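# structure of the sequence below:
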Amino acid sequence: MRHNKTTVKSKRTQAHRDALLNNLAAQLFLYESIKTTEAKAKALRVYAEPMITKAKEGKLHTRRQILGQLPIASAVKKLYDIIGPRYKDRQGGYLRIIKLGNRQGDGAKVVKIELV
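Model (predicted):
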């Protein structure tokens, strides 16, 4: 049974969704704020916040798990060396979503997602 197991699928296959979220998370950790659509940002928040929580622990096993997910090793290094210790005393809510309006071409809701 799949009670309370909701996933934003956004008309992508599982592999495509995983690749999209991995790349968005890596760019978020490298640049600390990115501009994307609202649906992608909400899906990214659910995906990236557990990574920051694992980085706060600083264990080798969790580092290797995240290295298996993120395509850019320098993003993992920054996550563990800078971002994880920054949120050592924070219990969650590491990301902020700021609405920017609609995109001119297709009217999609554009937001800025950034680290708090």
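# buried stuff in the longest helix seen in the chain?
For the chain, the longest helix by residue count, based on DSSP state H, is helix 38-57. Applying a neighbour-count criterion of 16 or more other Cβ atoms under 10 Å, the buried positions in helix 38-57 are 38, 40-41, 43-45, 47-49, 51-56. C-beta here means a position set from N, CA and C on the backbone, and glycine is covered the same way.
# nearest residue to the middle of this structure?
residue 48 (3.1 Å; Cα atoms, centre = their mean).
# wait, that residue touches residue 26, no?
No. At 9.6 Å, residue 48 does not count as touching residue 26 under the criterion of Cβ atoms under 8 Å.
# residue boundaries of the strands in this protein?
33-37, 95-102, 109-115 (DSSP state E).
# buried residues of the longest one, list them for me.
Along strand 95-102, the positions that meet the burial threshold by neighbour count (16+ other Cβ under 10 Å) are residue 95.
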